[in-house]
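**Student:** Here you go, sequence then predicted model.
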Amino acid sequence: MPYAVGRDADGLTQPMTLMFRMVEFDRTRFGTYVEEHPDQWRGVHGLWDLVAQAEASGELDLPREDILFFATPHDREVSVNSTRVPGRGHDVWDLTRAEYCSRRQMRQINRFLRTHVPGFEEAYNAQSGAAVGVRETRRIRGQYELTGEDVLRARKFDDAIARGSYPIDIHAPEGKGTVLTRLPLREAYDIPLRCLLPRGVDRILVAGRCISGTHEAHSSYRVTPIAMATGHAAGVCAALAARDVRSPHAVHHREVQRELLRQGASLRPDLRKLIEACEARGGVAQDAL
């Protein structure tokens, strides 16, 4: 089965990351710091001056350009996303190295937060991920390859089975840096069914981050909500194929769209009208699963 890995130029993939939780975080004290230093926190990331000072003193060697963390359902807890290890997530040696290096980084970031960041004085690391998180490995070559241009132009496809609006979000495969490029406001791009159908293979569907697309497009559709949506579509297509004993390639995209809409999937609004018009003309119309 044909596939691609990483960037076209050198095959390098986005780095791996181990996320971890800090508990006994004082949200009020941190909020006061942000109010007094509005240039040091933007949304879910920042602390640039504190990071620079700690790096200058040799206390911190941060693999990314800032500290990034997210709220959790617990008020005195945050999930930290600031480790970064280059390497290929499908290589056992790179994975082993990433587990070791990311845990060393976690301990260093933990000390930095407790020592230098208001609100973390009494905080401690309660739990890390079960395994290092892998952003990018192989991408299966499908009947269509979604591109970065498709994403940023919010392109629409006749055989759409999912949609996304997450930006192009490329963590530098080497060193620091993150490229974040957003879609037009209130827009979304379609993912066509063809991205789930591998070339040269009849009885397999793919879903999630391994669907057919470029390195740039992958940096948007790799996130969990979009992966779930493509998984939903792959499951529907597989069920329709199995019911009628046919290849997934033989399932018409209107059948998949019709069933996805019946099950409440998020597709662009005009697709329902297109399906109704198709059925009115005597086109594809199958019973619900």
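**Tutor:** Thanks, I have it.

**Student:** Show me what the longest helix belonging to the chain is packed against.
**Tutor:** The single longest helix within the chain, with elements called by DSSP state H, is helix 92-116. Helix 92-116 sits against strand 20-23, helix 48-56, strand 77-80, strand 124-128, with contacts defined as 3 or more CB pairs under 8 Å, 6 or more residues apart in numbering; DSSP states H and E. Glycine gets a C-beta too; all of them are placed from N, C-alpha and C.

**Student:** Average pLDDT for the last one, rounded please.
**Tutor:** In this model, strand 124-128 has an average pLDDT of 82.

**Student:** Contacts for that strand, please.
**Tutor:** With CB atoms under 8 Å, 6 or more residues apart in numbering as the test, strand 124-128 has contacts from 18-24, 77, 103, 106-107, 110, 114.

**Student:** redo that, cut-off 10 Å
**Tutor:** 18-25, 77, 79-80, 83, 102-103, 106-107, 109-111, 113-114 (CB atoms under 10 Å, 6 or more residues apart in numbering).

**Student:** mind giving me the domain ranges of the protein?
**Tutor:** With domains defined by automatic domain parsing, the chain comprises 17-128, 138-280.

**Student:** Can you add mean neighbour count and distance to Pro2 and give those domains back as JSON lines?
**Tutor:** Shown next, in JSON lines, are those (neighbours: other CB atoms under 10 Å; distance: least, CB to CB, whole Å):
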{"stretch": "domain 17-128", "mean neighbour count": "16", "distance to Pro2": "16"}
{"stretch": "domain 138-280", "mean neighbour count": "18", "distance to Pro2": "4"}
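
**Student:** which residues does the most centrally placed residue in the chain contact?
**Tutor:** Central residue of the chain (CA atoms, centre = their mean): Val223, 1.9 Å from the mean position. Neighbour list for Val223: Arg135, Gly164, Tyr166, Pro167, Asp169, Arg209 [criterion: CB under 10 Å, 6+ apart].
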